[in-house]
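[1] Structure for the following, please:
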Amino acid sequence: MPPHELVVPPGAAGERLDTWLGQAIGGASRSQAAGLIDAGAVRVDGEPRPKSHRLQGGERVTVAEAQRPVETSTAGPAPSVAWENDDLLVIDKPAGLVVHPAPGHRGVTLVERLAGEAGAGWKPLAVHRLDRDTSGLMLVAKREDVRDELQHLIRSRGLVREYMALAEGVLKSRSGTIDAPLGRGARDRTRMVVGGTRPRAARTHFEVERFLDGFTLVRVRLETGRTHQIRAHFAAIGHPLAGDRAYGGRPALGLERQFLHSARVAFAYSGAPAGVEVTSPLPRDLRAALDAVTSR
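    Numbers count the residues shown, from 1 in each chain. Predicted structure coming up:
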């Protein structure tokens, strides 16, 4: 049997796909397996399935590339800790740092880097993800029960995630909601498109901060958290994010990535019932781009 092809044993019936796959590919974590699934690298009997898919036993599971993430000595940009308690970290992630191992990625990921720094008795478990070239705040739990509680908060709309984005053109409304299901593109599975393959509900709320010369600075709040949701939604309404070449954005303002920054998270959970609110200012490259357009 090729190393990237596995058969689900009968005893695994009823298990989640990500949980079983993490164990089946040699001790990878559930979050690492989830990263492969979200990246579109995993097929169950030839079909993509969500990470929560329940196995029946006997299915043939294939992983598009190597089962294990490629490890190199490349450390990548360093994240910083914006807030921490005994349960979790709020990480301020720099652009260029990948959260989970994924096919084709070379270098140390955020989760791997945090694992090397973790103290005794805990391991980093990403609650949600940011794209490689999206900067800003994200939550990393130290225990599975905390991760599960916070992911439930996301599903129940109890965790606020706000982003700052610079969209091309002038939006017609000062506020609004983009409500359009997203699925993977049929020709390019790295891109998400309205409709697409196996679309899932996706809702993005926005408010205009400033109208600029040929651009609109917007504050964006996620109601759902699909892959590339903000990028795909703004591209779908004809206003791709500045610098986002993958979604039709033009090279502009000296940007080498999309203008998208996770600027605020706010939530309350059992470990902090009074609530947690953390903010992050725009990083240097996005601030320089904003200065460039405001000075024109």
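
[2] What ranges does the stretch 101-250 of the chain have for its strands?
    Assigned by DSSP state E, counting those that start in this stretch, the stretch 101-250 of the chain shows strands spanning 125-126, 135-141, 160-168, 175-179, 182-184, 192-194, 197-200, 203-211, 215-222.

[3] nearest to Gly58, of those strands?
    Put simply, out of these the one that sits nearest Gly58 is strand 197-200, at 22.2 Å, with distance taken as CB to CB. To be clear about C-beta, it is placed using only N, CA and C from the backbone, and glycine gets the same treatment.

[4] how much distance is there from that closest one to the middle of the chain?
    17 Å (CA atoms, centre = their mean, to the nearest Å).

[5] how about Ser289, secondary structure?
    Actually, residue 289 is Ala. It isn't Ser. helix (DSSP: H, G, I helix; E, B strand; the rest coil).

[6] Help me confirm that it comes into contact with Gly243.
    Yes - under the criterion of CB atoms under 8 Å, Ala289 is in contact with Gly243, at a separation of 7.5 Å.

[7] Tell me the residues that contact both of these two, please.
    Both Ala289 and Gly243 are contacted by 252-253, 255, 259, under the criterion CB atoms under 8 Å, 6 or more residues apart in numbering.

[8] Just among these, which is most surrounded?
    Ranked by neighbour count (other CB atoms under 10 Å), these have Phe259 at the top, with 27 neighbours.

[9] now for the worst-scoring helix or strand of the chain on mean pLDDT, which elements pack on it?
    Evaluated with mean pLDDT, DSSP states H and E, the helix-and-strand set of the chain has its lowest mean pLDDT in helix 30-38, which scores a mean of 75. If you count contacts as 3 or more CB pairs under 8 Å, 6 or more residues apart in numbering; DSSP states H and E, helix 30-38 packs onto helix 17-24, strand 125-126.

[10] Among those, show me which one is buried the most.
    The densest packing among these, expressed as mean neighbour count by mean count of other CB atoms under 10 Å, is seen in strand 125-126 with a mean of 24.

[11] Packing partners of it?
    helix 30-38, helix 110-117, strand 135-141, helix 144-155.

[12] any idea of the mean pLDDT in the longest one?
    Confidence over helix 144-155, taken as the mean pLDDT, stands at 95.

[13] Next: the third one.
    Along strand 135-141, the predicted local confidence has a mean pLDDT of 97.
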